[in-house]
Each structure stands twice: as structure tokens, then as C-alpha cells.
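Asks: Below are the sequence and a predicted model; questions follow.
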Amino acid sequence: MNFNIFQYYVSNVRLKKTDGSWYTVPESYYLLDLSKTDGNKIEIDNVPGGEYTDVELLYGVDSTRNVSGAQTGALDPANGMFWSWNSGYIMVKAEGTSPNSATGTFTFHLGGFKGEFRVPKSFTYSLNDKLVVDGDREAEIHMISNVARLWHSADKLSVKSSHTMPGQIAKTMSGTFYDAIKFDHIHN
């Protein structure tokens, strides 16, 4: 199995200071593209100096932005992550080749932001040490994801399948992938 495309959204990033207050990163919408060399990195500028103990984020795109029409940056429809037929974002996109597929390819476009099949999912990660932000150096948070978790989520789901719409399969597959993303370490 080989991926030609593996993309997913991270948004609504917040950082918790040691005093318990939260800094909300403005306009924090990021499209991670694991097919690109630096596509797995998010750079956040202008974070107020201080020590941070937790990071909170949303995997996917919030409902407000899903219904806000044409947008720019990571949310630009030109990125190929917007369903014009369904008015909403593809939260996770996986496409590639597999010898197990009848067509030799697989396609998973997972989305949906309403009701019981809501795909975006919020997580809070406690950092094992304080993330120190000051003007003299960059601080990094390292997370680990396992794209194979997409296929560990639903009965009879395999790379022989394709799925390109909201619903239970999209919610289950994306949720299992999101649940497998773990905080690893920080660099101060």
C-alpha cells in the first residue's frame, strides 16, 4: 500500500499557561499534508512568552467555518479539501495504491460536521514538561500519528474499499485515526 495523498486538518489551537489561563491562537486552521517534506509541521507565530503545560486542538474544521463560504489559506477550496456538493470540508483525505484493491487504488474522503456523524474531534494533550516560549528560541511540540489506524476502525473495511461521504464510516475511521495521534515530546 502506498499513499499518494494523506491530508488532514488541525484547527482551533489553544495553549494553557502554568497559571491556568489559555491562549487561543487566532485563525488557527492548518492543513497537514504528509505527502510533502514539511507537510507534517505547524508553525505558530506570535505566541505570548511564558510557560505552557497543555495544548488543545480540534482535528478537523469547526462547523462555523464549514458553512462560511469561500475562504483563504488552509481553508481555500483550491486545496481540494472542500465538498462543493455537500457544503463542508473533507477532514481527512487518504488516496493511494494497493495491490489488494480491485482497481489498484483506494480513496477515502472523510468529512461531516453535523449531528451524530460529526467528524471533527477535540483533544487536550498534557505536556510532559513545560513548553517555554520566549523571543530567543523556537519551541517545538512533537506528535506521532499512525495512518494505518484508518483501517483499524470498522468491520470489513480495507484498502479494497473507497468512501467519499459523511456518515458512520467517516466518523469511525477519522475518530480512530485521531485517537491514535499521541503527544511524544517537546523541545525548548
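Replies: Structure's in. What do you need? Residues are numbered from 1 along each chain as shown.
Asks: Report how many residues lie close to K93.
Replies: Neighbours of K93 under the rule other Cβ atoms under 10 Å: 22. C-betas here are computed from N, CA, C, even on glycine.
Asks: Let the chain start at 464 from now.
Replies: Sure, I'll start counting at 464 from here, so that last one is K556.
Asks: what's T481 sitting at in phi/psi?
Replies: Taking degrees, to the nearest 10, you get phi -60, psi -20 for the backbone angles of T481.
Asks: contacting residues around it?
Replies: Going by Cβ atoms under 8 Å, 6 or more residues apart in numbering, T481 touches G513, E514, Y515, T516, K593.
Asks: Can you give me the buried ones in the longest helix along the chain?
Replies: What stands out as the longest helix in the chain, according to DSSP state H, is helix 631-642. By 16 or more other Cβ atoms under 10 Å, the buried positions in helix 631-642 come out as I632, A633, K634, T635, M636, S637, G638, T639, F640, Y641.
Asks: returning to what we had before: top of the contacts of T481 by neighbour count?
Replies: The residue in these with the most neighbours, by other Cβ under 10 Å, is Y515 (22 neighbours).
Asks: My guess is that residue contacts K479. True?
Replies: Yes. Contact criterion Cβ atoms under 8 Å: Y515 and K479 qualify, at 6.1 Å.
Asks: What does the closest residue to E514 other than its chain neighbours show for phi and psi?
Replies: Spatial nearest neighbour of E514, chain neighbours left out: K593 (4.3 Å); criterion: Cβ to Cβ, 6 or more residues apart in numbering. In terms of degrees, to the nearest 10, the main-chain angles of K593 are phi -70, psi 140.
Asks: Contacts only, for K593.
Replies: Contacts of K593 (Cβ under 8 Å, 6+ apart): T481, E514, Y515, T516, N651.
Asks: let's go with 7 Å and repeat that
Replies: Residues near K593 by Cβ atoms under 7 Å, 6 or more residues apart in numbering: T481, E514, Y515, T516.
Asks: Hmm, D592 and the second one touching each other?
Replies: No. Between E514 and D592 no contact is recorded; they are 9.6 Å apart, counting by Cβ atoms under 7 Å.
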